[in-house]
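Engineer: Provided below are the primary sequence and the corresponding predicted coordinates.
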Protein chains: 2
Amino acid sequence: MTSPYSLHARSSTCAARCGEVRTLHGVIQTPIFMPVGTQATVKGMTPENLLDIGAQIILANTYHLFLRPGHELIRQFGGLHRFMNWHKPILTDSGGFQIYSLKELARITEEGATFKSHLDGSTLFLSPEDAVGVQEALGSDIMMCLDTCIPFPATRVEADKATALTARWAKRCRAARKETGQLLFGIVQGGMYPDLRARSVEDMVAIGFDGYALGGLSVGEPTEVMYEMTGRAAALLPHDFPKYVMGVGTPEDLVECVSRGIDMFDCVMPTRNARNGMLFTSQGRLVIKNACYYNDQRPVDEHCGCYTCRNYSRAYLRHLYMAREIMASQLNTIHNLYYFVHLMNGMRQAIIEDRFEMFRKEFYDMREQEVPSI
Amino acid sequence: MTSPYSLHARSSTCAARCGEVRTLHGVIQTPIFMPVGTQATVKGMTPENLLDIGAQIILANTYHLFLRPGHELIRQFGGLHRFMNWHKPILTDSGGFQIYSLKELARITEEGATFKSHLDGSTLFLSPEDAVGVQEALGSDIMMCLDTCIPFPATRVEADKATALTARWAKRCRAARKETGQLLFGIVQGGMYPDLRARSVEDMVAIGFDGYALGGLSVGEPTEVMYEMTGRAAALLPHDFPKYVMGVGTPEDLVECVSRGIDMFDCVMPTRNARNGMLFTSQGRLVIKNACYYNDQRPVDEHCGCYTCRNYSRAYLRHLYMAREIMASQLNTIHNLYYFVHLMNGMRQAIIEDRFEMFRKEFYDMREQEVPSI
């Protein structure tokens, strides 16, 4: 398997590294954060807004697009890129996590996942082969294997069983893929059992993928456990391939996971929290509806260069939020995504200049938080 | 009273005319449509989006801003322009129409309007002098007198009484205004009684304003009655001042009112309908949720040059609408406002080239509608 990844620099004090991943729609610089565009749109952001904040790649959800408008429609349009007018890389998840989130509405068998649509209650089926076929129709640059996520807590027997099934499904995904030039990533499961994680890494690497993701993290476990699982698995994964932690996380999580060798991240947090009026700043979180911002002429973050901070006051953003204006979601999302994208840019630069530990310390100093031990 | 209006051209076949109005934040070209930004934002449109579609002036609602966030806060920010990051002209209404819309929650006396806030039910009072003071605090380029709107239908006695009160309030507004450079427009009432309209025109002109608006139209009366009232009143108003019909209207209304000599328009229709999935096109209206657009690769309007039509298919817009995505409102609003703004641009050009009647005929031909008689 030739790797789409090239290493550019690594930290001399931790596992943090900087590189690039080559895809059909261009190269992405890692470590990177991928804004989530669940239904073929990053909520409130035009493609131009995304380019403006420096987004290089976005994520779309296979489960949602499979249901509506349907992958065959998107295939007719020449794929997701043309359909949604985003011409840079797209990663699609496999639908596994969304189906897992349906809980009792989903049933997992050896063959695949049977589940009820959250839209109309109809019963649908997705096999590992289907998941790849749907993602090929969507035309994403990076496809993910169908996996079975493990809840937290889970018994060792449950975790073992699900991890083994994920491996068998991964093999079927690998066998089903066509030579489209799209990349296919395997997903490491194993719950919170380090030895199962290690075996899952071995299984995935034996099958051979273009990159490796850690799934089933940030599902309710303590943050330290997530960091430990990430660090252990990242160390076992082949260093010449991209490493991706799915669905993570807070700014702190990004810094900690990068320091443990992770290259790629996605999370709904910056976009969802923006719509709920929670803004990320270099000093920590800011809840815009708070009365103290009523007449605050300052931008959200005086250290931020985003469109929102360059043009609008906290008072105006609070007004828009209280008045339930669409513009509140738009301006808050621009700010939060800019914050996440620029946090990653800052880490990349720090790794290149081999001052990642300094960057990390300053990151916590600015928020008056203690630096956690790696 | 020196006029802020200059005439550039007039049609040789009807009352349509083309000119400009000079304001503190620049000159606007008339006839013009003003997008509505009720709560200090045009829903879903950044100021850059507004500039992109060619908007030259927007309207904001005094009633809403008086309630939230309050005009004193906006004064602290140096006015609405700075608060909302829109640096071209702004017209504010007086709050009269919104208070009228509160129906039994409002009580009109000689002194002013007592009403209950739709936000928290608190009892508030606005006098004609207050309405001007609030608009001076907002710093709008064009302020409107506080008026009392007349329902349809209304008896002659009711209409007469309200029209006379509007005149007395207009006098008080005129007396209260300070020398800020902001323009102040009078509002002609009179219900659907031509002689009351004529007397209201006389009253307003006698007081003397920077421009004249027709209020109390599009309140439920038949379209032909609205056109007739507009035509008669416009003919009586002084031709060296701007003429504005408030809250109007459909594309057809704009064409008909321009042909009757009107210079300025505002209406929530393009923005509100956009959010409800109704799109304006050169061929008429298009309801984007209709099943026939499921896989329609065409833009909303093949004759349209807006951002939405240049980049997105009907199928994608239908998907966004069905999925209740914010982007549906954003892209639909861009399209509808572009349509309205460019319809006005088309009329201006046609008047300059003295081919307005041809323009009007083509406008109806494209929609396969009969041309109404003027």
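Structural biologist: Structure received. Numbers count the residues shown, from 1 in each chain, chains lettered A, B, ... in the order given.

Engineer: Report the buried residues of the helix or strand containing residue A:28.
Structural biologist: Secondary structure from DSSP states H and E places residue A:28 in strand A:26-30. The neighbour-count check on strand A:26-30 (16 or more other C-beta atoms under 10 Å in any protein chain shown) flags A:28, A:29, A:30 as buried. C-betas here are computed from N, CA, C, even on glycine.

Engineer: same check, this time on stretch A:304-314
Structural biologist: A:304, A:306, A:307, A:308, A:309, A:312, A:313, A:314.

Engineer: which two in the residues you listed are spaced the farthest apart?
Structural biologist: For these, the maximum inter-member distance is 15.1 Å, found between A:307 and A:314 (C-beta to C-beta).

Engineer: Please list all residues in contact with residue A:295.
Structural biologist: Each residue near residue A:295 by C-beta atoms under 8 Å, 6 or more residues apart in numbering or on different chains is listed here: A:315, B:73, B:76.

Engineer: Counting by contacts, list what the helix or strand of chain A with the lowest mean pLDDT packs against.
Structural biologist: Counting by mean pLDDT, DSSP states H and E, chain A has its least confident helix or strand at helix A:96-101, which shows a mean of 91. With contacts taken as 3 or more C-beta pairs under 8 Å, 6 or more residues apart in numbering or on different chains; DSSP states H and E, helix A:96-101 sits against helix A:62-67, strand A:113-116.

Engineer: hey, which of those is tucked in deepest?
Structural biologist: helix A:62-67 (a mean of 24; mean count of other C-beta atoms under 10 Å in any protein chain shown).

Engineer: For it, give me every contacting residue.
Structural biologist: Against helix A:62-67 from outside (C-beta under 8 Å, 6+ apart): A:38-40, A:71, A:74, A:80, A:92-95, A:98-99, A:117-119, A:124, A:126, A:131, A:134-135, A:138, A:144, B:323.

Engineer: packing partners for the helix or strand following it?
Structural biologist: Counting by DSSP H and E, the next helix or strand C-terminal to helix A:62-67 is helix A:71-76. Contacts defined by 3+ C-beta pairs under 8 Å, 6+ apart place helix A:71-76 against helix A:62-67, helix A:128-138.

Engineer: Any buried residues in helix A:71-76, and which?
Structural biologist: A:71, A:73, A:74, A:75.

Engineer: can you list the residues of the stretch 51-200 of chain A near chain B?
Structural biologist: A:64, A:68, A:69, A:73, A:76, A:77, A:83, A:84, A:85 (C-beta under 8 Å from any C-beta of the partner chain).

Engineer: strand partners of the strand holding residue A:28, parallel vs antiparallel please.
Structural biologist: Paired neighbours of strand A:26-30 in the sheet (DSSP bridges): strand A:17-23 (antiparallel).

Engineer: which residues touch the partner strand?
Structural biologist: A:4-11, A:27-31, A:57, A:89, A:141-142, A:183, A:211, A:239, A:242, A:261, A:263-264, A:348, A:351-352.

Engineer: Can I get it as CSV, trimmed to CA atoms?
Structural biologist: Extracted in CSV, the C-alpha atoms of strand A:17-23 (Å, rounded to 0.1, in the frame of the first residue of the first chain):
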residue,chain,number,x,y,z
ARG,A,17,4.1,15.8,13.8
CYS,A,18,3.4,17.8,10.8
GLY,A,19,2.8,16.6,7.2
GLU,A,20,0.4,16.4,4.3
VAL,A,21,-2.1,14.0,2.9
ARG,A,22,-2.6,13.9,-0.9
THR,A,23,-6.2,13.4,-2.1
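
Engineer: OK, now which residue of the stretch 101-250 of chain A is nearest to chain B?
Structural biologist: Here the residue of the stretch 101-250 of chain A nearest chain B is residue A:119; by C-beta to the nearest C-beta that distance is 9.4 Å.

Engineer: Could you give the average pLDDT over the lengthiest helix in chain A?
Structural biologist: Longest helix of chain A, by residue count under DSSP state H: helix A:326-352. What helix A:326-352 shows for mean pLDDT is 98.

Engineer: before we move on, what about stretch A:187-207?
Structural biologist: 98.

Engineer: got the buried residues for it?
Structural biologist: In stretch A:187-207, counting by 16+ other C-beta under 10 Å, buried: A:187-193, A:196-201, A:203-205, A:207.

Engineer: ok, which stretches of the stretch 151-300 of chain A are strands?
Structural biologist: A:183-188, A:211-214, A:243-245, A:264-266, A:278-281, A:284-287 (DSSP state E, counting those that start in this stretch).

Engineer: will you turn those into JSON lines that also has distance to residue B:218?
Structural biologist: Converted to JSON lines, the strands of the stretch 151-300 of chain A look like this (distance: least, C-beta to C-beta, whole Å):
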{"stretch": "strand A:183-188", "distance to residue B:218": "57"}
{"stretch": "strand A:211-214", "distance to residue B:218": "57"}
{"stretch": "strand A:243-245", "distance to residue B:218": "56"}
{"stretch": "strand A:264-266", "distance to residue B:218": "48"}
{"stretch": "strand A:278-281", "distance to residue B:218": "40"}
{"stretch": "strand A:284-287", "distance to residue B:218": "41"}
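
Engineer: Of the ones you listed, give the one that comes closest to residue B:342.
Structural biologist: Nearest to residue B:342, of these and by C-beta to C-beta, is strand A:278-281 at 36.4 Å.

Engineer: Which neighbouring elements make contact with that closest one?
Structural biologist: Going by 3+ C-beta pairs under 8 Å, 6+ apart, strand A:278-281 lies up against helix A:269-275, strand A:284-287, helix A:326-352.
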